[in-house]
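**Q** Pasting the sequence and the predicted coordinates here, then a few questions.
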Amino acid sequence: MATLKVQRPNGTKDVVPSQMYKWNTVEALVKSHAEAYGFKEIRIPTFESTSLFVRSVGDTTDVVQKEMYSVSATGDEGYTLRPEGTAGTIRALIENGLLNDGLPQKLFYVLSCFRHEKPQAGRLREFHQFGVEMAGTKDPRADAEVISLAKSILDVAGLRNIQLNINSIGCPECRAQYQQALKDYFTPHIDKLCDTCHTRLEKNPLRLLDCKSEICSEIAKDAPSILDHLCDDCRGHFEKLQGYLTAMGIEYKINDRIVRGLDYYTKTVFEFVSEDIGSQGTVCGGGRYDGLIETLSDKPCPALGFGMGLERLILTMENQGVEFAEEESCDIYIGSMGDAAAVKAMQICRALRADGVRAECDVVGRSVRAQMKYADKLGAKFSVVIGDSELEAGKAALKDMKSGEQNDIPLDDRFGSVFNALLISRALEDDGLEDALGGLLSE
RNA sequence: GUGGGUAUAGCGUAGCUGGUUAACGCGUCAGUUUGUGGCACUGAAGACCGAGAGUUCGAAUCUCUCUACCCACCCCA
């Protein structure tokens, strides 16, 4: 590598041109589905007031405690690069009065998030997320709809072996009871628990459940389940959701151990997990957060949503050998030799491009042979070479790069419209070049 | 933050227990009789062997430090 004086920050990635088609495929997929489900796109700032995340994500969470990139301009209050998309989106929803504009509000976004974690497979410090948020309904049909959206995206992306796990972590009332039950269960074992679990016991007992340490997980195995402690309302909600999922043919697994690491979640939580991308297998995660809007605005309003990790989605697709949509290549390469012909080539190119045709001509000064090699490398569908004799004759041989077939095309004003029509007819049916061109020119 | 692994041209690799012009494939560029690609052939460019110290007559090859990357813990998308 050429010695680079300044390196790319740890945990960030460049997407080079040859890889962009994957991102284009995925972003188009995600947007079209969100729109089909009636979600509207929103864009929000890359940074927000730090307190927004402290209040919403929760001040005891890892994300807030040790993963935030806080930025400060001189004298300003603290700002933080968003570690996730929900907080900012909900803030925007409230701040722009969208909640008064008819409910439910259904928003989606594609944005980058920043977390200061140690990078590994499927985990970057800057990563990209597609997310949706729906505000203004507590009905479990909304939960089903949101899960259904995520599910169809993953299906249409072509993924296999994606497990949907769902759980309910209850409302503040029943969760408080459950947390007490957990404390009662774990306290007798307190001496055996790992250090982090000691603090968890006090601050966030739910997290005790997915501690990976052998001893803790062994103890946790027989811990009480949240599902046995749900209040009537929460249990009914969860049961209805399951009914809807089943009715829509969406397979799921109840996993009473899934505990989201963000404090705003209530009732339904879910995640789509892939086994094919290493230990960071959660491709999509989300749930309901009925209390968030109220903590941010004092106006109660139930809501829910999910985030989908685009890097992880692409990684899963790659590892499963899924086909991405191919990027369009060059339509026509216009070679030339001699100054006069080069000018003609530029003129034709400019006119074609104005019509949206992907046209290229020589800008390096290469030999005709080298130009043709380049045209081949570009994957040009057609080529034409202009020299003095072509200029004189007013026509040149248009070559079909795939079949090698050549046929004259006039080098006058008709070039653009004829070539354009040829591209269209090609897209529809693969005629021979002679027939196609002959037909177009005789019209 | 804690572990383990790796670091040689744009990419993928070779380089045995230190020995003097760092090799190969792909790619790139040019050419193969004067104006047409995909194959083949010829040639060229391109690496101070991640960075910095040390051992030695001599290090890509040994030692140490640092950095980056990869994988895992943790956490999550």
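**A** All right, it came through fine.

**Q** in chain A, what residue is nearest RNA strand B?
**A** A:G261 (0.4 Å; CB to the nearest atom of the strand). All C-beta spots, glycine's among them, are computed from the backbone N, C-alpha and C.

**Q** Next, count neighbours for that residue.
**A** A:G261 has 15 neighbours, counted by other CB atoms under 10 Å.

**Q** what do you get for the one 3 residues further on?
**A** Each residue near A:Y264 was counted by other CB under 10 Å, and the total is 23.

**Q** does it really touch A:R288, like I thought?
**A** No: counting by CB atoms under 8 Å, A:Y264 stays clear of A:R288, with 9.3 Å between them.

**Q** so what's the residue nearest in space to the middle of chain A up against?
**A** Residue closest to the average C-alpha location in chain A (CA atoms, centre = their mean): A:L310, at 3.5 Å. A:L310 sits next to A:23, A:26-27, A:30, A:110, A:127-130 when contact means CB atoms under 8 Å, 6 or more residues apart in numbering.

**Q** at 7 Å instead, please
**A** If you count contacts by CB atoms under 7 Å, 6 or more residues apart in numbering, A:L310 has them with A:26, A:128-130.

**Q** where does the nearest residue to it once chain neighbours are set aside land in three-state SS?
**A** Once flanking residues are discounted, A:L310 sits nearest to A:H128: 4.1 Å by CB to CB, 6 or more residues apart in numbering. Secondary structure assignment for A:H128 (DSSP: H, G, I helix; E, B strand; the rest coil): strand.

**Q** which other helices and strands contact the strand or helix carrying A:R426?
**A** Using DSSP states H and E, A:R426 sits within helix A:414-428. Under the contact definition 3 or more CB pairs under 7 Å, 6 or more residues apart in numbering; DSSP states H and E, helix A:414-428 sits against helix A:339-354, strand A:406-410, helix A:433-442.

**Q** Could you rerun that using 10 Å?
**A** The elements that helix A:414-428 packs onto, with contact taken as 3 or more CB pairs under 10 Å, 6 or more residues apart in numbering; DSSP states H and E, are strand A:332-336, helix A:339-354, strand A:382-386, strand A:395-400, strand A:406-410, helix A:433-442.

**Q** and that helix, what's its mean pLDDT?
**A** Average pLDDT, helix A:414-428: 91.

**Q** Quick one: residues in contact with that helix.
**A** A:331-332, A:334, A:344, A:347-348, A:350-359, A:381-382, A:384, A:395-396, A:398, A:400, A:407, A:409-410, A:412, A:431, A:433, A:435-437, A:439-441, A:443 (CB atoms under 10 Å, 6 or more residues apart in numbering).

**Q** With mean pLDDT added, can I get the helices and strands packed on helix A:414-428 in JSON lines?
**A** What follows is these, written out as JSON lines (pLDDT from 0 to 100):
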{"stretch": "strand A:332-336", "mean pLDDT": "96"}
{"stretch": "helix A:339-354", "mean pLDDT": "95"}
{"stretch": "strand A:382-386", "mean pLDDT": "96"}
{"stretch": "strand A:395-400", "mean pLDDT": "95"}
{"stretch": "strand A:406-410", "mean pLDDT": "94"}
{"stretch": "helix A:433-442", "mean pLDDT": "84"}
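
**Q** closest to A:H116 out of those?
**A** helix A:339-354 (44.2 Å; CB to CB).

**Q** Please consider this matter closed, and thank you.
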